[in-house]
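**Student:** Need the 3D shape of this:
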Amino acid sequence: MPSKLQALESLAKKYGAHPEFLGIQILSPNQRGAVDDTLLHLAARTGAIEDIKILIEIGADIDVPGDLGNTPLHQAAMSGQVEAIKLLLKCGAKKHLKNEFEQTPLDVAVLSGRDEIIRIFKL
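**Tutor:** A predicted model of the protein is given here:
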């Protein structure tokens, strides 16, 4: 098992070329990119389950608001990442948090017409 530093360095290499992190040194699992999102936002948005697990394990804030106040759970809901949503909820993500538009992740799922995700949030 890699150390927290090794895990962060590995993720920094993976996401360092992403437009949101170009030119930004990733020193923390809660490092913010150009539009205020963190690595956890990116992993949730893309459904990178193993990255989500590692980031939470090394101290990423699961409910951190990013761009437009969206949490990683909002990002996963917008992107239709069912498994990411299940994992984030299992790890304690708060589904009642609102973004800058006063929307919860459920509201975002409704707007996106994502029925399976809507059912998950209503459980």
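
**Student:** ok, the closest residue in space to His18 that isn't next to it in sequence - contacts?
**Tutor:** Once flanking residues are discounted, His18 sits nearest to Leu42: 6.3 Å by C-beta to C-beta, 6 or more residues apart in numbering. Using the backbone N, CA and C atoms, a C-beta is placed for each residue, glycine as well. Contacts of Leu42 were listed using C-beta atoms under 8 Å, 6 or more residues apart in numbering, and they are Tyr15, His18, Glu20, Gly33, Ala48.

**Student:** Apply 10 Å and report the result again.
**Tutor:** Neighbour list for Leu42: 11, 14-15, 18, 20-21, 33, 48, 51-52, 55, 66, 72, 75 [criterion: C-beta atoms under 10 Å, 6 or more residues apart in numbering].

**Student:** out of the residues you listed, which is most surrounded?
**Tutor:** Pro72 (33 neighbours; other C-beta atoms under 10 Å).

**Student:** Return the distance of that residue relative to Gly47.
**Tutor:** 11 Å (C-beta to C-beta, to the nearest Å).

**Student:** hey, what's in contact with both of these two?
**Tutor:** Joint contacts of Pro72 and Gly47 (C-beta under 10 Å, 6+ apart) are Gln81, Ala84, Ile85.
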